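Q: Just need the structure, nothing else, for what follows:
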Amino acid sequence: MHRLSLGIAAATAVVALAFFVPDRILGADRQVAYTAGQLAMGQADYTQYCSFCHLPTLAGNPASKPPRPPLMGPAFASKWQGKTAADLFNFASKNMPYGKGGTLTHDQYMAIVSYILQHNGVDSDGKLLDDKRLPTIQLP
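A: Numbering: from 1, shown residues only. Got it, this is the predicted structure:
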């Protein structure tokens, strides 16, 4: 019985430690950025301005003319690997929507980028995604 109590105590300590030790100490490389509000705005703006070409699933549409690339998954990762969220923001704000680049507001582009980041494994940390934070976020 004493061994069982020690085992439970040790397991509890490990779980508790995981909640209180910063990710970088545990070796996690998870990135976090954007607020829940930006994500909600990004989803709405993506649906209105982007989903027609890139589809509601962000899967892209290779059959369209010109082909619309996916905004998540392996093809997205290989194209954007080594680049930052700032690179994605700059590209999108200058070129998207297709043929109408620069027609959305700065906040709309920022929100859409947060939506794309979320679909590529970047979690919300409740802090505003802004021009200062964009270069610090590596794309997959």
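Q: If you count contacts, what does the helix or strand where Phe89 lies end up packed against?
A: Following DSSP states H and E, one finds Phe89 within helix 85-95. Applying 3 or more Cβ pairs under 8 Å, 6 or more residues apart in numbering; DSSP states H and E, one finds that helix 85-95 contacts helix 106-119. C-beta coordinates here come from the backbone N, C-alpha and C atoms, glycine included.
Q: just checking, what packs against the helix it packs on?
A: By 3+ Cβ pairs under 8 Å, 6+ apart, helix 106-119 packs against helix 36-49, helix 85-95.
Q: picking that back up, can you show me the CA trace of the helix holding Phe89 as CSV?
A: Extracted C-alpha coordinates of helix 85-95, given in CSV (Å, rounded to 0.1, in the frame of the first residue of the first chain):
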residue,chain,number,x,y,z
ALA,A,85,4.2,35.2,-40.1
ALA,A,86,5.5,38.6,-41.2
ASP,A,87,6.3,37.1,-44.6
LEU,A,88,2.8,35.6,-44.8
PHE,A,89,1.2,38.9,-43.7
ASN,A,90,3.2,40.9,-46.3
PHE,A,91,2.4,38.6,-49.1
ALA,A,92,-1.3,38.4,-48.2
SER,A,93,-1.7,42.2,-47.7
LYS,A,94,-0.1,42.9,-51.0
ASN,A,95,-1.6,40.2,-53.1
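Q: returning to what we had before: for Leu128, find the nearest of the helices and strands packed on helix 106-119.
A: With distances scored as Cβ to Cβ, the stretch of these nearest to Leu128 is helix 36-49 (7.0 Å).
Q: which parts of that closest one are buried?
A: Neighbour-count burial for helix 36-49, with 16 or more other Cβ atoms under 10 Å as criterion, is recorded at 38-39, 41-43, 45-46, 49.
Q: which one of the residues you listed is nearest Leu129?
A: Taking Cβ to Cβ as the measure, Leu129 sits nearest to Gln38 out of the buried residues of helix 36-49, at 5.7 Å.
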